[in-house]
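Q: Need a 3D model of the following:
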Amino acid sequence: MKCNAGYASLLIAGLCLGLAPVLQGQTETNSALIVARVSGENLTMADLQQDQGGKLLQAEYQFYLNQRKALEELIDNRLLADEARRRNISLDQLLNMEVYKDVKDPTEDQLEVYYEGLDTQEPYAAVRADVLAALKPAPPLSLICVHRPRSMSC
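A: Residues are numbered from 1 along each chain as shown. Below you'll find the model as predicted:
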């Protein structure tokens with residue numbers, strides 16, 4: 001497990017430290033890139049960054065946050081799969097033993113209330129299983145955090 005934790009730390013460090021210079025380098029080399037032509041005049045990446053730099057920075061930050069969240073989910077899924085393999089059980093069995101064991105299924109009334117909030121044209125009977133699956137809890141952090149490297153927060 002230490003090998004996986006080290007690998008996960010390396011990936012996070014690569015994202016946090018390695019992408020910034022690369023993105024800056026792309027910005028510098030792409031400043032002359034023509035992004036649009038309006039009224040016969042070329043608009044370059046430099047024009048866009050000068051005029052809309054705040055919006056672009058905000059979009060890049062949101063992209064970074066989403067990329068990091070996706071990476072953390074990938075790491076969490078890998079760690080759960082590793083734990084299931086270590087115990088010689090399937091991932092579903094691990095989740096049932098550790099996550100869903102004390103969770104009761106919602107009542108039909110609760111399922112129908114949730115269904116009514118969905119934007120769907122399908123009848124309740126056709127989506128009931130999907131509604132039930134959507135209401136299952138996520139794996140507890142305690143199960144995941146045990147196997148996360150110290151450099152990653154839980």
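Q: packing partners for the longest helix that the chain contains?
A: Longest helix in the chain by number of residues, with DSSP state H as the criterion: helix 45-86. Where contact means 3 or more CB pairs under 8 Å, 6 or more residues apart in numbering; DSSP states H and E, helix 45-86 is packed against helix 2-13, helix 19-29, strand 34-38, helix 91-98, helix 141-145. Bear in mind the C-beta positions are built from the backbone N, C-alpha and C, glycine included.
Q: try 10 Å
A: helix 2-13, helix 19-29, strand 34-38, strand 41-44, helix 91-98, helix 141-145 (3 or more CB pairs under 10 Å, 6 or more residues apart in numbering; DSSP states H and E).
Q: Report the angle between it and helix 91-98.
A: Counting by axes from the mean of the first three to the mean of the last three CA atoms, to 10 degrees, helix 45-86 points 80 degrees away from the direction of helix 91-98.
Q: what sits against L111?
A: D105, Y124, V127, R128, V131, L132, A134, L135 (CB atoms under 10 Å, 6 or more residues apart in numbering).
Q: Now for the second one, how many residues are close by?
A: Think Y124. 14 (other CB atoms under 10 Å).
Q: residues contacting the closest residue to it other than its chain neighbours?
A: Using CB to CB, 6 or more residues apart in numbering and skipping the chain neighbours, the partner closest in space to Y124 is Y115 (5.1 Å). Contact analysis of Y115 by CB under 10 Å, 6+ apart lists E122, P123, Y124, A125, V127, R128, D130, V131, A134.
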